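1. Show me the folded form of this:
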Amino acid sequence: MNLEPLEPQTLLADLAFPEGPRWREGWLYFSDMHSNRLMRVNEGGASEELARFPHMSSGIGWTPDGFMLVVSMKDRMLMMQDGLQFAPQADLSGVAEFHCNDMVVDSRGRAYVGNFGFDLDGGEKPKATGLIMVTPEGVVRRVAEDVWFPNGHVITPDGRTLIVAETFAARLTSFEIAEDGSLSNREVFAPLGENVYPDGICLDAEGAIWVACATEECLRRVRKGGEVATTIPLPGRKSFACMLGGDDRQTLFICTAKHSHPEKTRAERAGRIETVRVDVPGAGLP
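-> The predicted structure follows:
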């Protein structure tokens with residue numbers, strides 16, 4: 001375990017609620033979810049708005065031929081970049097019980113998408129839901145059931161294992177990916193402890209996972225089985241997503257905010273993209 005605390009530095013401030021970070025070709029792409037913006041920022045801090053999503057955007061990925069995919073949350077759509085605009089790739093409303101959220105896209109262009117499963121902001125009691133897969137042709141099907149608020153996703157470098165953060169089960173869960181994209185052989189990758197609600201995640205070259213936590217003021221690096229190898233304190237704010245990027249994949253980008261309440265985050269604009277250098281580079285997807 002690291003004895004010297006890592007101290008993140010602010011790369012970009014004045015955001016509402018940054019989520020879904022993805023590193024690609026010198027830029028960190030992310031959704032400023034509660035301000036309905038898709039954005040990107042480079043390591044020098046230069047940023048730009050790429051698009052607006054009236055139903056809020058979340059997960060981001062790319063097809064093998066380089067087209068960007070974005071999850072449109074409230075209307076439960078998977079959108080694909082079409083020139084300077086985004087057009088529907090797949091309608092998920094028939095298989096998602098509530099808002100869609102995070103996503104990972106595999107090397108074949110199959111998108112794995114989570115959804116809330118219940119009205120979180122409305123105070124509804126948590127319910128299990130399913131993981132959704134969308135093929136490159138736009139075919140939609142559920143590939144796992146009884147998942148408690150599937151959130152951040154990663155795929156191991158060999159493309160054979162999907163790991164998902166189950167927010168309301170306080171655990172990371174792994175699945176084997178079959179040739180047709182189906183999921184099987186479900187296992188608990190890491191239990192995280194009572195009241196530890198994992199959000200976004202990213203994988204490193206040692207097989208450990210950085211886990212953002214929506215309920216505590218820190219970010220953790222967790223090994224298989226649940227051992228916490230590193231903790232990054234985040235006093236006064238919480239982590240909601242993370243991504244290993246930069247040219248060497250050793251810059252850890254952290255999406256932080258004081259909380260996740262949509263109206264308050266829009267008014268406060270206390271969201272930030274923060275960075276810290278780490279010893280072990282990122283691996284796998286995204």
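2. CA only for contacts and neighbour counts going forward, please
-> OK.
3. low pLDDT regions in the stretch 1-150 of the chain?
-> Along the stretch 1-150 of the chain, the parts satisfying pLDDT under 70 run over 1-5.
4. who does the helix or strand where Leu28 lies pair up with?
-> Using DSSP states H and E, Leu28 sits within strand 27-32. Strand 27-32 has its sheet partners listed here by DSSP bridges as strand 18-24 (antiparallel), strand 37-41 (antiparallel).
5. Quick check, Phe53 in contact with Asp32.
-> No - with contact defined as Cα atoms under 8 Å, Phe53 does not reach Asp32; the gap is 10.1 Å.
6. Alpha carbons only: can I get stretch 236-256 in CSV?
-> Provided in CSV are the C-alpha atoms of stretch 236-256 (Å, rounded to 0.1, in the frame of the first residue of the first chain):
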residue,chain,number,x,y,z
GLY,A,236,-14.6,17.9,0.5
ARG,A,237,-15.6,16.1,-2.7
LYS,A,238,-16.5,12.6,-4.0
SER,A,239,-15.3,10.7,-7.1
PHE,A,240,-17.8,9.5,-9.7
ALA,A,241,-15.6,8.2,-12.5
CYS,A,242,-11.9,7.7,-13.4
MET,A,243,-9.8,6.9,-16.4
LEU,A,244,-6.1,6.0,-17.0
GLY,A,245,-4.8,8.0,-20.0
GLY,A,246,-2.0,10.2,-21.3
ASP,A,247,0.5,8.9,-23.8
ASP,A,248,1.8,6.3,-21.4
ARG,A,249,-1.6,5.6,-19.7
GLN,A,250,-0.1,6.6,-16.3
THR,A,251,-2.2,9.8,-15.8
LEU,A,252,-5.2,9.0,-13.7
PHE,A,253,-8.1,11.3,-14.6
ILE,A,254,-10.7,11.7,-11.8
CYS,A,255,-14.2,13.1,-12.2
THR,A,256,-15.1,14.8,-8.9
